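Peer 1: sequence first, then the predicted structure, then my questions.
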Amino acid sequence: MARVPLQDETTLPAEAALIGRIRAERGKLLNLYRTLLNSPPVAEGWLKLFTAIRQQAKLDARYRELAILRVAVINGAPYEFKAHVPHGLKAGLSEAQIDELGHWTVSELFDANERAVLAYTDGMTRDIRVAEPVVAALKRFLDSRELVELTATIGGYNLVSRFLEAMQVDHELTPGG
């Protein structure tokens, strides 16, 4: 159960326009956003950032979802993981790859580019400073824009997992959510 009340149009009628945009861009009002709405300015900024990352970036969706799922595994964030498994599958990851994310370094299911994304994700999430050879591996197939987008994705989804876990946001949707 979340550590703060879950908000919606009934509790925040003055924020109906923002809530409408969230519903339009996300398809529904997830508990994550219902929690964020305790601070409408934060919810609005969050929506803009993650819309840019998920819907406006050039970065291949496969690499984006691979990084997001790996962040969730490292951080022990089941809400984030459950929410992104369907996106990962849609982006072309296999169920076997998703199952192997906890042991990717010894798995043969990932190609060189995917391994580079996973190594960068691990470096950013665990060590913060990423070794130059790890970055060099990415620069072989990502341009500058894609590298910035991957970095923002990893940093952003570290924020997501930490927020979800600290606020104890339940993945289950409430009626009408």
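Peer 2: Great, that's in hand.
Peer 1: quick one: contacts for the residue nearest in space to the middle of the chain?
Peer 2: Centroid check for the chain by C-alpha atoms, centre = their mean gives Tyr157 as the closest residue, at 4.0 Å. By C-beta atoms under 8 Å, 6 or more residues apart in numbering, the residues touching Tyr157 are 67-68, 71-72, 80. Using the backbone N, CA and C atoms, a C-beta is placed for each residue, glycine as well.
Peer 1: and Ile154, what does it touch?
Peer 2: So Ile154 contacts 67, 71, 120-121, 124-125 (C-beta under 8 Å, 6+ apart).
Peer 1: neighbouring contacts of stretch 104-114?
Peer 2: 62-63, 66, 70, 94, 96-97, 100, 115, 118, 137, 141.
Peer 1: just the buried residues of that stretch, please?
Peer 2: 104, 107, 109-110, 113-114 (16 or more other C-beta atoms under 10 Å).
Peer 1: pLDDT averaged over that stretch - what is it?
Peer 2: Stretch 104-114 carries an average pLDDT of 98.
Peer 1: can you check stretch 146-156 too?
Peer 2: 98.
Peer 1: please look at Ala77 and Glu165 and confirm they touch.
Peer 2: Yes - applying C-beta atoms under 8 Å, one finds Ala77 in contact with Glu165, separated by 5.6 Å.
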